[in-house]
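[1] need a 3D model of the sequence below.
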Amino acid sequence: EEKSCKDEDYTLELSNWKHISKNDNDNIDQDLDSFFNDMQSDYDGDKEEEEETIGSINPVQFMPEQRNTIRRGVKKALTKMTFVVVPMLLAMFVGSLFTKGGFSGFLNRFIPLGDYNGQGYGDGGDMEVMYADDLYYGEEDIDDDSQEIQTEHDDSNKEKEEEEEEEDQIIEIPDRYSNLAELDLNNPFDNSTNLAVYWHVPRSGGATVDTILNQCDGLVAPSHLGADTDTPDGIQKTESLHLIEQNLANYIYTVHVYEASILFSSTHQGRLFTLFRHPVDRAVSMYYFLRSNPFGTPTYASYMSLEKYAFTAQTEHNWMTRVLVNDNAGQLFPRHLDQAKEVIRRKCLVGLTSNFEESMKRFRTYFGWDEDSKQQQCSREHLHHGENKLKYPPLKEGSDVWMEFMRRNYFDLQLYEYAQQLFEEQTALFE
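    The predicted structure is shown next:
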């Protein structure tokens, strides 16, 4: 065997180790000591070449010094981290004390906490990410922060937010809605060329309406036949099956009213109807619905209080307006609200959850669905028990959480108020 220790200037070779006699051991030890002493002298004399020399010295002798060097480096790094990270965390904590929504609300002002751009209404599927620039505030400023954001919003998007001043301006709505019939006295519902379309606004009594129409009135929707009209892909598949042309359904039940319009044509149009609910009440109901784990697994809302939910990025905002104008992720402007209002004015038979029985009576009358005393009793029973009805404490109007939901649903609030106005105006259809 051969053992060697090599450096640029020193080489020590020990050959035929087995044949070295005991008498030579002392000489070998002396040679080794002399060799390492020379190495130590060179190392001490040239500190600048430490990295080149360290590999050729006795590893046992110099290992403690290497450990000390590493230890000093780690301590230095930890000291720097302490002076940077600790003040940062302290500032974030102090900031959260003066921010609505606590720590989550504070972070939400600077960091998007999620990205939910999908469809549906379940585990955050319809929850759009909210950036500071994605809010619009009205004249009634909620607080100073809202005013500051609104000012920046107005300055950077002035051209996009200009409202037309001409009173006779025609507000255009998406072409896709041409497959939905106009709602007026001169254009009554015709069962041979029209089909009712219920726009299901989540947490607004839609499931109860569907149950009443099916179990009390004996009406059938494609969803009762196994078709999926609650997802864009399902609507595409339903369209390919031509269920509408075959007159197999009495009405369509869908969340995605824009996408569902492809099921109709100019000669076989849909007739839109729905129930509207106050946006804040709907938002609170959505929170408790998500906390109930409706799909068998916890949702993101399962691990937070109502206050944190109100200030987190995943909470939906202006859902109704976005669906009607088919803009699920972009920033909304007053023109979007005008389009949404025009859609429901021209195309939708309006009902209100606050006046449920009168709304159901109007739906049945308009679409020619007979209503007898037995059906009325059946409706009242389902209305009393409700589908997916949850019990939870009421939210105090004017509280911080209430105002935050109002702020996030600025456009939907105005759309709801307009729907209330239309509900009164559409009384003329039943006189």
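[2] and the closest residue to Leu195 other than its chain neighbours, how many neighbours does it have?
    Excluding the flanking residues, the one nearest Leu195 by CB to CB, 6 or more residues apart in numbering is Gly270, at 5.6 Å. No exception for glycine: its C-beta is placed from N, CA and C like everyone else's. For Gly270, the count of nearby residues is 24 (other CB atoms under 10 Å).
[3] checking my notes, Gly270 in a strand, right?
    Yes - counting by DSSP: H, G, I helix; E, B strand; the rest coil, Gly270 is located in a strand.
[4] these two touch, right, it and Thr193?
    No - under the criterion of CB atoms under 8 Å, Gly270 is not in contact with Thr193, lying 10.6 Å apart.
[5] state the mean pLDDT of stretch 377-384.
    Summarised as a single mean, pLDDT over stretch 377-384 is 83.
[6] what's the answer for stretch 417-431, then?
    94.
[7] tell me how far the ends of it are from each other?
    Its first and final residues considered, stretch 417-431 spans 23 Å by CA to CA, to the nearest Å.
[8] re earlier: pairing partners for the residue nearest to Leu195 in the sheet, please.
    Leu180, Leu195 (DSSP bridges).
[9] residues contacting it?
    Taking CB atoms under 8 Å, 6 or more residues apart in numbering as the criterion, Gly270 is in contact with 179-181, 194-197, 252, 260-261, 263-264.
[10] outside of the helix or strand where Arg380 lies, which residues touch it?
    Assigned by DSSP states H and E, Arg380 belongs to helix 373-385. Residues from elsewhere that reach helix 373-385 (CB under 8 Å, 6+ apart): 208, 211-212, 215-217, 356-357, 360.
[11] buried set for it?
    Across helix 373-385, burial judged by 16 or more other CB atoms under 10 Å covers 375, 378-379, 382-383.
[12] could I get these as a markdown table with distance to Tyr410?
    Below are these laid out as a markdown table (distance: CB to CB, whole Å):
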| residue | distance to Tyr410 |
| --- | --- |
| Gln375 | 39 |
| Cys378 | 39 |
| Ser379 | 34 |
| His382 | 33 |
| Leu383 | 30 |
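[13] what is the nearest of these to Gln426?
    Gln426 has its nearest neighbour among the buried residues of helix 373-385 in Ser379, at 20.1 Å by CB to CB.
[14] send the alpha carbons of stretch 200-210 over as PDB?
    Provided in PDB are the C-alpha atoms of stretch 200-210 (Å, rounded to 0.1, in the frame of the first residue of the first chain):
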ATOM      1  CA  HIS A 200     -79.200  31.300 -10.000                       C
ATOM      2  CA  VAL A 201     -77.600  34.000  -7.900                       C
ATOM      3  CA  PRO A 202     -75.800  32.000  -5.100                       C
ATOM      4  CA  ARG A 203     -77.300  32.300  -1.600                       C
ATOM      5  CA  SER A 204     -80.400  34.100  -2.900                       C
ATOM      6  CA  GLY A 205     -83.000  31.400  -2.600                       C
ATOM      7  CA  GLY A 206     -82.300  29.800  -6.000                       C
ATOM      8  CA  ALA A 207     -82.200  26.300  -4.600                       C
ATOM      9  CA  THR A 208     -85.600  26.800  -3.000                       C
ATOM     10  CA  VAL A 209     -87.100  28.100  -6.200                       C
ATOM     11  CA  ASP A 210     -85.800  25.100  -8.100                       C
END
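[15] so what touches it?
    Residues contacting stretch 200-210 (CB under 8 Å, 6+ apart): 121, 126, 198, 221, 223, 230, 253-255, 274-277, 282, 285-286, 289, 319-320, 353, 356, 360, 363, 382-383, 386-389.
[16] about what we covered before: out of the contacts of helix 373-385, who has the most neighbours?
    Result: Met360 is most packed of the contacts of helix 373-385 (other CB under 10 Å), 26 neighbours.
[17] and it, how far is that from Thr238?
    Using CB to CB, to the nearest Å, we find Met360 at a distance of 26 Å from Thr238.
[18] just to revisit the earlier point, got a ChimeraX select line for the buried ones in the contacts of Gly270?
    To isolate the buried subset of those in ChimeraX, counting by 16+ other CB under 10 Å, use the following:
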select :179,180,181,194,195,196,197,252,260,261,263,264
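[19] next, the contact list for the closest residue to Leu306 other than its chain neighbours, please.
    For Leu306, ignoring the flanking residues on the chain, the nearest one in space by CB to CB, 6+ apart is Tyr287 at 5.6 Å. Tyr287 is in contact with 301, 306, 309-310, counting by CB under 8 Å, 6+ apart.
[20] could you dump the residues you listed to JSON lines with secondary structure?
    Conversion of the contacts of Tyr287 to JSON lines gives the following (three-state DSSP):
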{"residue": "Ala301", "secondary structure": "helix"}
{"residue": "Leu306", "secondary structure": "helix"}
{"residue": "Tyr309", "secondary structure": "helix"}
{"residue": "Ala310", "secondary structure": "helix"}
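[21] of all those, which comes closest to Phe189?
    In terms of CB to CB, no member of the contacts of Tyr287 lies closer to Phe189 than Ala301, at 39.4 Å.
[22] what about that closest one, how many residues nearby?
    24.
[23] for Asp370, see how far away Val323 is.
    31 Å.
[24] how about Ala91?
    67 Å.
[25] one more: Pro232?
    With CB to CB as the criterion, Pro232 and Asp370 are 34 Å apart.
[26] these two: which is more packed in?
    Between Pro232 and Asp370, counted using other CB under 10 Å, the more crowded position is Pro232 (16 against 9).
[27] for the chain, name the helix or strand with the lowest mean pLDDT.
    strand 11-15 (a mean of 42; mean pLDDT, DSSP states H and E).
[28] just the closest of the contacts of Gly270 to Thr297, please.
    Ala260 (27.8 Å).
[29] name the SS class of that closest one, please.
    Relying on three-state DSSP, one would call Ala260 helix.
[30] do you know how far the residue nearest to it when sequence neighbours are not counted is from Ala419?
    Closest residue to Ala260 apart from its sequence neighbours, by CB to CB, 6+ apart: Thr254 at 4.5 Å. Between Thr254 and Ala419 the computed distance is 18 Å (CB to CB).
[31] which of those two has more residues huddled nearby?
    Using other CB under 10 Å, the more surrounded residue of Thr254 and Ala419 is Thr254, with 27 against 21.
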